[in-house]
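> Pasting the sequence and the predicted model now:
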Amino acid sequence: MNENGTIQYIKHEHIDKTKWDACMERAANGMIYGYSYYLDTMVANWDVLVYNDYEFIMPLTWKSKWGIKYLYQPFITAQLGIFGNQLTTAIRDRFIAAIPAQFKYIDIALNFGNVQDAPHPFSFPRNNFTLDLNKHYETIYNQYNENTKRNIKKCNQLAGFVRKNIDVDKIISLAVAQMKVQGQESSDNISRFKKLYQILSEKGMATNYSVCLHEEDIAASAVFFYSHQRAYYILVGNATSGRDSGASHALIDAFIKDHAGKKIILDFEGSDIASLAAFYKGFGAGNEPYPALKINRLPFYLKWLKRR
């Protein structure tokens, strides 16, 4: 691998999206979040860094506040960073150094393929749990811990049942209600997500599952996206009435049962939160860490404000 290639900064309007998506498709660490149609839908502003003729690529998702541009991690976009094949530490570090100086603050997630021999000095590890489904269902089930099995049994005893591909607005409504409680709801984000779900559904890259306890009463729901032999556990919703029913456990178990024996990884999209990590590990998921990157280039007086 030639590590002395040229890295170009390219503004959005000049991106060759055919070459971009081709690189994302063949990248060893390719992920659904990096496709141009995903970014175009979820992000108002994004430019790119490109190595030679789209051998390696890195999206730069940005916003501006008080006239200062900064890089951020968009909604429902767990990992970005550098994508390609045979990525080395030297090339990774060259990409990070090539982030234009106009971006004064950087707070982004890279991806699992950006974990090289030596960590970047401005990076820190994040946790993501994944589960290989290319086994018999019984083999996977036997890896569940007792709490997970007990919750699945509880949901069955409550006559919980699984529905698939219902009106996605119902799933979004449940997720939004949960986001409002957590202070994370944004009408722009939700509007963008609805459009994204439609685009991915038309491409055969999206589905949804829900668990109901009483007729149409949804206790738990989730959207799943597909790409690169991965299924991404996206936009999760849990009704208050279903919190102690085991519905979330039953939902994931149903998805695993449907996909067991297939060459696919279930990607839980996190988490650094101990309770969520325990929930994912309860299904036998293992940690697939990825780096996050935080660089503060703000003037000294703004750095002080940022710390407050």
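Structure's in. What do you need? No experiment lies behind these values; they were computed from the predicted model shown.

> any low-confidence regions in the stretch 1-150 of the chain?
By pLDDT under 70, the low-scoring segments of the stretch 1-150 of the chain are 1.

> all strands for it, in order.
With DSSP state E, counting those that start in this stretch applied, the stretch 1-150 of the chain shows strands at 7-10, 46-51, 56-65, 68-71, 83-84, 103-109, 123-126, 129-132, listed in chain order.

> will you turn those strands into JSON lines that also has mean neighbour count and distance to residue 275?
For every residue, glycine as well, the C-beta is placed using N, CA and C. Putting the strands of the stretch 1-150 of the chain into JSON lines (neighbours: other CB atoms under 10 Å; distance: least, CB to CB, whole Å) gives the following:
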{"stretch": "strand 7-10", "mean neighbour count": "15", "distance to residue 275": "40"}
{"stretch": "strand 46-51", "mean neighbour count": "21", "distance to residue 275": "33"}
{"stretch": "strand 56-65", "mean neighbour count": "20", "distance to residue 275": "28"}
{"stretch": "strand 68-71", "mean neighbour count": "18", "distance to residue 275": "29"}
{"stretch": "strand 83-84", "mean neighbour count": "25", "distance to residue 275": "31"}
{"stretch": "strand 103-109", "mean neighbour count": "19", "distance to residue 275": "21"}
{"stretch": "strand 123-126", "mean neighbour count": "15", "distance to residue 275": "16"}
{"stretch": "strand 129-132", "mean neighbour count": "20", "distance to residue 275": "13"}
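
> Tell me which of those strands lies nearest to residue 177.
Closest approach to residue 177 among those (CB to CB): strand 129-132, 25.0 Å.

> Which elements pack onto the closest one?
Using 3 or more CB pairs under 8 Å, 6 or more residues apart in numbering; DSSP states H and E as the contact criterion, the secondary-structure elements in contact with strand 129-132 are strand 265-267, helix 274-281, strand 286-287.

> distance between it and the chain's centre?
13 Å (CA atoms, centre = their mean, to the nearest Å).

> For residue 166, give me its contacts.
Listed by CB atoms under 8 Å, 6 or more residues apart in numbering, the contact set of residue 166 reads 208, 210.

> what does residue 270 give?
78, 126-129, 276-277, 280.

> related to what we said a few turns ago, which of the strands of the stretch 1-150 of the chain sits closest to residue 171?
strand 129-132 (21.6 Å).

> quick revisit: could you dump the helices and strands packed on strand 129-132 to a markdown table with mean neighbour count, mean pLDDT and distance to residue 202?
A markdown table is the format used below for the helices and strands packed on strand 129-132 (neighbours: other CB atoms under 10 Å; pLDDT from 0 to 100; distance: least, CB to CB, whole Å):
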| stretch | mean neighbour count | mean pLDDT | distance to residue 202 |
| --- | --- | --- | --- |
| strand 265-267 | 22 | 98 | 22 |
| helix 274-281 | 16 | 96 | 30 |
| strand 286-287 | 12 | 97 | 33 |
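
> Between those, which one is closest to residue 141.
Per CB to CB, nearest to residue 141 of the helices and strands packed on strand 129-132: strand 265-267, 13.6 Å.

> Strand partners (parallel or antiparallel) of that closest one?
Within its sheet, strand 265-267 is paired with strand 129-132 (antiparallel), strand 230-238 (parallel), according to DSSP bridges.

> Out of the ones you listed, which is closest to residue 108?
Shortest distance between residue 108 and these, using CB to CB, is found for strand 230-238: 18.2 Å.

> And the contacts of that closest one?
Against strand 230-238 from outside (CB under 8 Å, 6+ apart): 31-32, 76, 78, 133, 171-175, 177-178, 193, 218-226, 247-248, 252, 255, 259, 264-269.

> Break this structure into its domains for me.
7-127+290-307, 130-287 (automatic domain parsing).

> Tell me the gap between the first one and the middle of its chain.
When distances are taken as CA atoms, centre = their mean, domain 7-127+290-307 is centred 14 Å away from the chain's centroid.

> likewise stretch 249-265?
Taking the mean of its C-alpha atoms, stretch 249-265 sits 18 Å from the chain's own mean (CA atoms, centre = their mean).
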